[in-house]
Structure formats: structure tokens, C-alpha cells
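[1] below: sequence and its predicted model.
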Amino acid sequence: MSWRNCPPKPDATKTAEAVRARDQAREFLLAARRCNEFRPPPSGHQQFLFVPSLICYAFSVELGLKALALFEGKAPRWGHDLKDLLSDLSPGVQARIVAETRTQGERPTFFDQQLEIVRDVFDVWRYIYEKEHIVDTDLDFLQRLAAALEKVLREFPA
């Protein structure tokens, strides 16, 4: 292979930033998983931190998507919209994330439908107390999406 056919080397600054974003995504994933643990308080009732769990999963996904953009040599988009952040990635990386998130027997359109539901979880659920109506979300999908991103991010340099 001649030097002309070699892929461009990623910018060292972007790579370092990508590694930091990936590490922070992992930390928020760990925080989400801890919030997701059922713990019996002294009252005997099970305690589950649903809202913090959702927010941490969503932020972990956001940071993971931004890290992938950086690993691809792109400047990540500002904001928290998971659908927009995913759309900035190369088709190959998007396909890997979708494949890793899907469960056996899911319809091909299921990913897009679920992503539409969770795309703004970070914005909406941080201030859920302000809502006067029920807000639909899917914690299971967010968990699978975060795990898929964690797996895909392992393929990039440390």
C-alpha cells in the first residue's frame, strides 16, 4: 500500500479528547448501572433511582456518540439529541451500533422508533417535575444502546 492510500492519521488533540470523552461515557454508564440497582432501605421497600438512572444512561450515550465522532476525526455536534449525534457518525459505525443494540427477532424499524422515543431523555428527564403529563421513554432500550456504544468504543485506540 502506498502512502497515498493510507487513511489520514487522526489529529492527536481530537484523539486525546475522544479518549477523555470515552472514559467519561464509561463513568456515567457505571453511575447509571449503580442507580439501576435495587436496594432495600430501612423501610423494607425496594429503592430504585429511575430518573437518575435514565439521565446517566442518556448522558453516557451522548458522550459515547461524541467520542466516536472525535475518533472519526469530526468535531462533535453540540447538544443532547441522541438521534442527531448518531446521524453525524459514518454509516459503518452507525450500522455497528444498531446491530449491537438490536435484540433477536426485532423488526428493522424498531431501532429508529425507540431512538425517536429516547432522543431527548437527557433534556426532558432532568426537569421531569415540570411536566404536567406522562412522558414516554424506554429504559431497556437506553441500557442496550449504552452497552452497544461501550462495545463499539472498545475498538478504538486507548
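    Thanks, I have it. The shown structure was predicted, so the numbers you read here are calculated from the model rather than taken from an experiment.
[2] ok, residue 89 touching residue 72?
    Yes. Under the criterion of Cβ atoms under 8 Å, residue 89 makes contact with residue 72 at 6.6 Å. The C-beta positions use only the backbone N, C-alpha and C, and glycine is treated the same way.
[3] looking at those two, which is more packed in?
    Between residue 89 and residue 72, counting by other Cβ atoms under 10 Å, residue 89 is the more crowded of the two (20 against 17).
[4] name the nearest residue to the more buried one, ignoring sequence neighbours.
    Of all residues not flanking residue 89 in the chain, residue 68 sits nearest, at 5.5 Å (Cβ to Cβ, 6 or more residues apart in numbering).
[5] how many neighbouring residues does that neighbour have?
    Neighbour number of residue 68 under other Cβ under 10 Å is 29.
[6] for it, what are its contacts?
    18, 89, 93, 149, 152-153, 156 (Cβ atoms under 8 Å, 6 or more residues apart in numbering).
[7] which SS class is the residue most central in space within the chain?
    Central residue of the chain (Cα atoms, centre = their mean): residue 61, 1.3 Å from the mean position. The local conformation at residue 61, judged by DSSP: H, G, I helix; E, B strand; the rest coil, is helix.
[8] touching, it and residue 147? I think so.
    No. Between residue 61 and residue 147 there is no contact under Cβ under 8 Å: 10.0 Å.
[9] what does the longest helix belonging to the chain contact?
    In the chain, taking DSSP state H as the definition, the longest helix is helix 12-35. With contact meaning Cβ under 8 Å, 6+ apart, helix 12-35 is reached by 10, 49, 52-53, 56-57, 59-64, 66-68, 70-71, 73, 75-76, 143, 146-147, 149-150, 153, 156-158.
[10] and residue 55, how far from residue 105?
    30 Å (Cβ to Cβ, to the nearest Å).
[11] those two: who's more crowded?
    Using other Cβ under 10 Å as the criterion, residue 55 and residue 105 rank with residue 55 on top: 22 against 6.
[12] give the contact list for that one.
    121-122, 125-126.
[13] check residue 80 too.
    58-59, 62, 120, 122-123.
[14] from the contacts of helix 12-35, which land in helices?
    Judged by DSSP H, helices contain the following of the contacts of helix 12-35: 52-53, 56-57, 59-64, 66-68, 70-71, 143, 146-147, 149-150, 153.
[15] nearest spatial neighbour of residue 11, chain-adjacent residues omitted?
    Nearest one to residue 11, counting by Cβ to Cβ, 6+ apart, is residue 73 at 6.5 Å.
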